[in-house]
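J.: Using only what follows, build the 3D model:
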Amino acid sequence: QEGKHGVEGSATLFYMVHCGKALYNNLLWRNWSAGALSKMVIIGNSFKGIEERLLSRVLERDYSYIAKVLKGTEEVALPAHPRYLDTFNDTSVHWFPLQKLEELSPEVWDCVEEPTYQDCDDLEIIRKEDRADERSPAAAGP
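T.: Below is the predicted model of the structure:
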């Protein structure tokens, strides 16, 4: 499903530690409404960290749903464990208060196009069509 899971009207916790940015972006896309997002909590890589590490044009082009929801997100970093500083140093809890989401400009909600990642240089997921290509006899070569 490549992260495209819907909350289906229920409060849902997503535990996504060490997932790629595209999975977060797909999850946000699939639930792209104030009502659905306000029912979600994500434990995973810091959205603020993603924003800090990427050029804004790359964030907006490749991970537009993360970029658009940043101002509607509450994020609290989990405390770092002294033994695992290099492993879980970027983990946060994210939630999306309905009031903050409703304060976003109406244009934020207009675009509901499914992400494709055509120009993405650092894609961190294997898409279904990529896996199908790997298994096909033509992809195996001579």
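J.: for the residue nearest to the spatial centre of the chain, phi and psi?
T.: Centrality entry for the chain: nearest residue to the mean C-alpha point is Tyr24, 1.5 Å, by C-alpha atoms, centre = their mean. With angles defined as degrees, to the nearest 10, Tyr24 sits at phi -60, psi -50.
J.: His94 too?
T.: The phi/psi pair for His94 (degrees, to the nearest 10) is phi -120, psi 140.
J.: any idea how far it is from Leu13?
T.: 11 Å (C-beta to C-beta, to the nearest Å). Yep, even glycine has a C-beta here, placed from its N, CA and C like the rest.
J.: Spit out the residues that contact those two alike.
T.: Shared contacts of His94 and Leu13, defined by C-beta atoms under 8 Å, 6 or more residues apart in numbering, comprise Val41, Ile42, Ile43.
J.: picking up where we left off before, give me the more crowded residue out of His94 and Leu13.
T.: His94 (22 against 11; other C-beta atoms under 10 Å).
J.: didn't the more buried one look like it was pressed against Thr73?
T.: Yes: judged on C-beta atoms under 8 Å, His94 makes contact with Thr73 at a distance of 5.5 Å.
J.: list residues touching both of these two?
T.: Phe47.
J.: Can you name the residues that contact the residue nearest to the centre of the chain?
T.: Gly3, Met16, Ile42, Gly44, Asn45, Phe47, Ile50, Tyr63, Ile66.
J.: Determine the three-state secondary structure at the last one.
T.: The reference is to Ile66. Per DSSP: H, G, I helix; E, B strand; the rest coil, the secondary structure class of Ile66 is helix.
J.: Relative to His81, how far out is Lys68?
T.: From Lys68 to His81 the distance is 32 Å (C-beta to C-beta).
J.: try Trp32
T.: 34 Å.
J.: With neighbour numbers in mind, choose between the two.
T.: Trp32 (17 against 11).
J.: How is the more buried one assigned, secondary-structure-wise?
T.: Relying on three-state DSSP, one would call Trp32 coil.
J.: for it, what are its contacts?
T.: Tyr65, Trp109, Val112 are the contacts of Trp32 under C-beta under 8 Å, 6+ apart.
J.: mind redoing it with 7 Å?
T.: Tyr65, Val112 (C-beta atoms under 7 Å, 6 or more residues apart in numbering).
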